[in-house]
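>>> The amino acid sequence is not available; the structure is as follows:
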Ligand SMILES: Cc1cc2nc3c(=O)[nH]c(=O)nc-3n(C[C@H](O)[C@H](O)[C@H](O)COP(=O)(O)O)c2cc1C
């Protein structure tokens, strides 16, 4: 049988293996064995479909699936099938409204379990009861999570079986919202989303696209069954979680600084790197609180996300998430905003000169955290520069009170801003590490492992 000698691996692979092994508290040989083991177990056979079913990935895991009354409830039939083929035990709860969209008969047949619908059922209360239902699960999944169910959850209502179970549980809860884009964007739903994120509820989706019932399109489409399965697998992953019990506050994306009700100043940040880091940290077990500027990509799996627009809103949201064990500030926050935001759209008047924008400085969120009384143990900032990268990063490290600055060259020709790849340098007090050009997901994995290793040591 062939053998692998760690010594003979490429330096960059060796380094990544070292960081990963340290993060998991294993030797490099042990880590390599586990990676190979996973590859062999999950690799598709030549005749297998493109996405092989990870049979047994949810073996004996108990999922309480709460189905809300939305048109996307039909997707739950497929979701249940996918969960069961991975070994999960699915116990369904239907809201009254859900019964208008899918039948308990079909759901029960696929789940091979009793379907629960009533709070005031003498038989069910005696047999199982809503308290036991909520506790005898490894994870509660709400799909589709209607605007109504989210409002109930955010406000602590418990007037039917689904909401009473959600109030009585001490288990983690994953929700897959699904609703009309106007409902998703409604100020009330926005408030509820923020509350749920703060309460530690995990989200998967929603995606953007055409609505099944109305022909309208926008954000609000329920995540597909396989996306929900992946989010569940991530949450129930039994592999070591070096960041379990750690809370990490993050920012990602650009900010929009209003000029008037219709115009704003923005930048080209896509949020891809920040969102990938948030997902990678969550996979290592961290509770990630992400404050995202306006982006066109979905929320990262298993991460609580608060959506904001301006730098001031971002600062306020970040402050609400302190204290935390680490802060990873990836957002491209506008340095300035307009001094006087116009209340009405600025009109072009014949003969008048173009209006001049007067700018004032925005709050410096990274420096605020770096010098805060509630400063996390590890503070990581990003420096997007187009010139004198390293010097600027070193200055930023000191000025902002950060432990590491992840510096990247965002000159137009690098294609980094908005692109899928990144080439970063990690500037610390002790030196500079140069990482090769790699995908933003790889940068995220590697940075997450480095953060995990740092948080396991006393000093960062
Ligand atoms: C045809 C139809 C489709 C609906 N689709 C949705 C939906 O996708 N998302 C949503 O939040 N509400 C939707 N509703 C409204 C909910 O069914 C309604 O708010 C209900 O009270 C939700 O109850 P529940 O949250 O207890 O399941 C829809 C209603 C109808 C009649």
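Structure's in. What do you need? Quick caveat, the model's predicted, so the values are computed rather than measured.

>>> only C-alpha atoms for contact and neighbour calcs from this point on.
Fine.

>>> Residue 420 and residue 273: what is the separation?
Between residue 420 and residue 273 the computed distance is 8 Å (C-alpha to C-alpha, to the nearest Å).

>>> What are the buried residues along stretch 334-352?
334, 336, 337, 338, 341 (16 or more other C-alpha atoms under 10 Å).

>>> And for stretch 135-142?
135, 136, 137, 138, 139, 140, 141, 142.

>>> just the residues you listed now: which is nearest the ligand?
Among the buried residues of stretch 135-142, residue 142 lies closest to the ligand (C-alpha to the nearest ligand atom), at 10.0 Å.

>>> pLDDT score assigned to the closest one?
Looking at residue 142, its pLDDT reads 98.

>>> what helix or strand does it sit in?
Residue 142 belongs to strand 139-145 when assigned by DSSP states H and E.

>>> just checking, what packs against that strand?
In terms of contacts (3 or more C-alpha pairs under 8 Å, 6 or more residues apart in numbering; DSSP states H and E), strand 139-145 is packed against strand 62-67, strand 173-177.

>>> got JSON lines for the ones you listed, with distance to the ligand and mean pLDDT too?
JSON lines is the format used below for those (distance: least, C-alpha to the nearest ligand atom, whole Å; pLDDT from 0 to 100):
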{"stretch": "strand 62-67", "distance to the ligand": "7", "mean pLDDT": "97"}
{"stretch": "strand 173-177", "distance to the ligand": "8", "mean pLDDT": "97"}
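
>>> can you redo these as a markdown table with mean neighbour count?
Shown next, in a markdown table, are the helices and strands packed on strand 139-145 (neighbours: other C-alpha atoms under 10 Å):
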| stretch | mean neighbour count |
| --- | --- |
| strand 62-67 | 24 |
| strand 173-177 | 25 |
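
>>> can you tell me which residues contact residue 325?
Contacts for residue 325 were tallied using C-alpha atoms under 8 Å, 6 or more residues apart in numbering; they are 246, 247, 248, 376, 377, 378, 455.

>>> What is the burial count for the nearest residue to it once chain neighbours are set aside?
Closest residue to residue 325 in three dimensions, ignoring its sequence neighbours and counting by C-alpha to C-alpha, 6 or more residues apart in numbering: residue 376, at 4.9 Å. Residues near residue 376, counting by other C-alpha atoms under 10 Å, number 21.

>>> Also the one 4 residues further on?
Neighbouring residues of residue 380 were enumerated by other C-alpha under 10 Å; the total is 26.

>>> Correct me if wrong, but it is in a strand.
Yes: with DSSP: H, G, I helix; E, B strand; the rest coil as the criterion, residue 380 is located in a strand.

>>> which residues pair with it across the strands?
residue 328, residue 404 (DSSP bridges).

>>> residues in contact with it?
Contacts for residue 380 (C-alpha under 8 Å, 6+ apart) come out as 326, 327, 328, 329, 402, 403, 404, 405, 406.

>>> most neighbours, which of those residues?
Most neighbours among the contacts of residue 380, by other C-alpha under 10 Å: residue 405, with 31 neighbours.

>>> you'd agree that residue is up against residue 397?
Yes: contact criterion C-alpha atoms under 8 Å: residue 405 and residue 397 qualify, at 6.0 Å.

>>> A strand includes the residue nearest to residue 325, no?
No: counting by three-state DSSP, residue 376 is not found in a strand; it is coil.

>>> for it, what are its contacts?
With contact set as C-alpha under 8 Å, 6+ apart, residue 376 has these partners: 322, 323, 324, 325, 326, 327, 369, 370.

>>> Return every residue with contacts to both of residue 405 and residue 397.
With C-alpha under 8 Å, 6+ apart, residue 405 and residue 397 have common neighbours 381, 427, 428.

>>> Considering those, which is situated nearest to the ligand?
Nearest to the ligand among the shared contacts of residue 405 and residue 397, counting by C-alpha to the nearest ligand atom, is residue 381 at 37.7 Å.

>>> For the closest one, list the residues it contacts.
328, 329, 330, 366, 397, 402, 404, 405, 406 are the contacts of residue 381 under C-alpha under 8 Å, 6+ apart.

>>> State the pLDDT value of the residue nearest to residue 325.
Turning to residue 376, the model gives it a pLDDT of 97.

>>> try the one 5 residues further on
Here the pLDDT value assigned to residue 381 is 96.

>>> What strand or helix carries the closest residue to the ligand within the stretch 251-400 of the chain?
The stretch 251-400 of the chain approaches the ligand most closely through residue 298 (18.0 Å), counting by C-alpha to the nearest ligand atom. Following DSSP H and E, there is no helix or strand that holds residue 298.

>>> can you list the domains in the protein?
Listed domain ranges for the chain are 62-236, 247-335+358-456 (source: automatic domain parsing).

>>> How about the backbone phi and psi for the residue nearest to residue 325?
phi -60, psi 160 (degrees, to the nearest 10).

>>> What sits closest to residue 443 if chain neighbours are left out?
Of all residues not flanking residue 443 in the chain, residue 422 sits nearest, at 7.3 Å (C-alpha to C-alpha, 6+ apart).

>>> got the contact list for that neighbour?
By C-alpha under 8 Å, 6+ apart, the contact set of residue 422 is 408, 416, 437, 438, 439, 440, 443.

>>> Tell me the helix or strand right after the host helix or strand of the first one.
Element membership for residue 408 (DSSP H and E) is strand 404-409. From strand 404-409 onward toward the C-terminus, using DSSP H and E, the following helix or strand is strand 421-422.

>>> From the chain's centroid, how far away is that following strand?
Put simply, strand 421-422 sits 20 Å off its chain's centre (C-alpha atoms, centre = their mean, to the nearest Å).

>>> circling back to that earlier point, buried ones among the contacts of residue 325?
If you count burial by 16+ other C-alpha under 10 Å, the buried members of those come out as 246, 247, 248, 376, 377, 378, 455.

>>> nearest to residue 88, of those?
Comparing the buried ones among the contacts of residue 325 against residue 88 with C-alpha to C-alpha picks out residue 246 as the nearest, at 27.3 Å.

>>> Quick check: closest non-adjacent residue to the closest one.
In space, and not counting its chain neighbours, residue 246 is closest to residue 286: 5.1 Å by C-alpha to C-alpha, 6+ apart.

>>> what's around residue 373, how many residues?
10.

>>> Let me fix that, I meant to ask about residue 362.
With other C-alpha under 10 Å as criterion, residue 362 counts 18.

>>> got it, and the one 4 residues further on?
Under the neighbour criterion other C-alpha under 10 Å, residue 366 is assigned a count of 28.

>>> pretty sure it is in contact with residue 397, am I right?
No: using C-alpha under 8 Å, residue 366 is not in contact with residue 397; the gap is 10.0 Å.

>>> my guess is residue 205 meets residue 179, correct?
No: the criterion here is C-alpha under 8 Å, and residue 205 misses it with residue 179 at 11.2 Å.

>>> Could you pull out the residues contacting both of these two?
Residues touching both residue 205 and residue 179 (C-alpha under 8 Å, 6+ apart): 221, 222.

>>> picking that back up, give me the more crowded residue out of residue 420 and residue 273.
residue 273 (26 against 14).

>>> quick one: the nearest residue to that one once chain neighbours are set aside and residue 209, what's the gap?
Nearest residue to residue 273, sequence neighbours excluded (C-alpha to C-alpha, 6+ apart): residue 440, at 5.5 Å. Taking C-alpha to C-alpha as the measure, residue 440 falls 25 Å from residue 209.
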